[in-house]
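A.B. asks: Provided below for reference: sequence and predicted model.
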Amino acid sequence: MISEWISAVLLVLGAFFMLLAAIGVLRLPDLYIRMHAATKASSFGALLMLVAVSIHFPVAYVIIEAALVIIFIFITAPVASHMIGRIAHLLKVPKWEKTIIDELENRIHYDEKGGKTDD
């Protein structure tokens, strides 16, 4: 009985973080900030939901499968987000006008073909 309540609370919290990620993607001003919201909040929401499933169905293969999915999400989401950000920076996707620091601005220079140059 208590495991059902814990599962329900975790599912609601996971759905809330997924909703927060979706709202962030719609409402935030530029690609870089949207990407942050989509990666962080949705990964945490998926974690909460998969933990809820593991608690509700305490069978070894369900717990192992949920753990593997969590590991996969937490490895691939940041890498994908990083790659999207790098490509967006290469393509000079406009930043929000209130952006103060661009740490890649002066560190990486590319020629016309996309190759790095020495500076």
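C.D. replies: Yes, it's here.
A.B. asks: Let me see the ranges of the helices in this structure.
C.D. replies: Assigned by DSSP state H, the chain shows helices spanning 2-27, 31-56, 60-90.
A.B. asks: quick one, which of these is nearest to Thr99?
C.D. replies: Nearest of the helices of the chain to Thr99, taken as CB to CB: helix 31-56 at 7.9 Å. Any C-beta I mention is one placed from the backbone N, CA and C, and that applies to glycine too.
A.B. asks: residues of that closest one that come out buried?
C.D. replies: For helix 31-56, the neighbour count (16 or more other CB atoms under 10 Å) marks 31-35, 37-55 as buried.
A.B. asks: I'd like the average pLDDT over stretch 5-12.
C.D. replies: Regarding stretch 5-12, the rounded mean pLDDT is 96.
A.B. asks: Mind listing what's buried along that stretch?
C.D. replies: So, applying 16+ other CB under 10 Å, buried residues of stretch 5-12: 7, 10-11.
A.B. asks: Include distance to Ala60 when you put those into TSV, please.
C.D. replies: Compiled in TSV, the buried residues of stretch 5-12 are given as follows (distance: CB to CB, whole Å):
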residue	distance to Ala60
Ser7	17
Leu10	20
Leu11	21
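A.B. asks: gap between His82 and Ile101?
C.D. replies: Distance check for His82 against Ile101: by CB to CB, to the nearest Å, it reads 17 Å.
A.B. asks: my guess is Val93 meets Met35, correct?
C.D. replies: No - counting by CB atoms under 8 Å, Met35 is not a contact partner of Val93; they are 10.4 Å apart.
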